[in-house]
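In: Sequence and predicted structure below; questions after.
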Amino acid sequence: MLTVPGLCWLCRMPLALPHSGLCSVCCRAARLADRVCPQCGLPAASPTLPCGRCLQKPPPWQRLVAVSAYAPPLSALIHQLKFSRRPELAAALARLQLLAIQNARRTTQLALPDRIVSVPLYSRRQWQRGFNQSELLCRPLARWLGCRYASETLTRVRPALTQHFLNARRRKSNLKNAFRLELPLHGLHIAIVDDVVTTGSTVAEITRLLMQGGAATVQVWCLCRTL
């Protein structure tokens, strides 16, 4: 998995576990601040209660778990994964997600879902990139947590403009009817796995589709949350 076996991706120091990808010091440095809302993932007064924003206008999902804010060092690794064709980084990044999920289970009684789903790419975009980074995160997480993962749960049925260059209003309209649910979800608890949640437009659109398809609850698991 590592270009130089046994070295941390970030600090390049030797690893106690040669294939873990990131050392314990860098894992701690990448952690999100404790005081974020458990529902939207934005800064809040309490890490266990919904913030005022969510009380007034809650997002369609019930819980959000993020590893870090979208900032170095994690943002640099995500950029390498997606745009420098470094899929070997995915397992180390998924391990950070696993640690964040385990911490949320200890501190806020986060319940594990029945199934995890990846955010699909349009077929041409996936062909150009060579992989779907969300799917690369899902596969080890499903194995480690004992959750079912079916890559065919969702498909992207039309291309869209790159979200990164759009404002919040255009992000929302850009994704309308972009996804299709392929498998029944009646009564299941679902977690959406993504790399970065910015305005939340993508995961909100998918959440609404999952709930319409019968999902009981939806969580969002991401590497970075833009604060």
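Out: Thanks, I have it. Numbers count the residues shown, from 1 in each chain.
In: what's the neighbour count on residue 143?
Out: 11 (other C-beta atoms under 10 Å). All C-beta atoms are positioned from the backbone trio N, CA, C, and that covers glycine.
In: if I've got this straight, it is in a strand?
Out: No: judged by DSSP: H, G, I helix; E, B strand; the rest coil, residue 143 forms no part of a strand; its state is helix.
In: List the residues that contact it.
Out: If you count contacts by C-beta atoms under 8 Å, 6 or more residues apart in numbering, residue 143 has none.
In: which is the next helix or strand following the helix or strand of the chain with the lowest mean pLDDT?
Out: Lowest by mean pLDDT, DSSP states H and E among the helices and strands of the chain is helix 168-174, with a mean of 64. Sequence order places strand 179-181 as the next helix or strand after helix 168-174, per DSSP states H and E.
In: Which other helices and strands does that following strand contact?
Out: With contacts taken as 3 or more C-beta pairs under 8 Å, 6 or more residues apart in numbering; DSSP states H and E, strand 179-181 sits against strand 154-156, helix 201-212.
In: And whichever helix or strand comes after that strand, what does it pack against?
Out: Once the chain leaves strand 179-181, the next helix or strand it forms, by DSSP H and E, is strand 189-197. Strand 189-197 makes packing contacts with helix 74-83, strand 115-118, helix 133-145, helix 201-212, strand 217-225 when contacts are defined by 3+ C-beta pairs under 8 Å, 6+ apart.
In: what packs against the helix or strand just after the first one?
Out: Okay, so that is helix 74-83. Per DSSP H and E, the first helix or strand lying C-terminal to helix 74-83 is helix 90-108. Judged by 3+ C-beta pairs under 8 Å, 6+ apart, helix 90-108 is in contact with helix 24-29, strand 63-69, helix 74-83, helix 133-145, strand 217-225.
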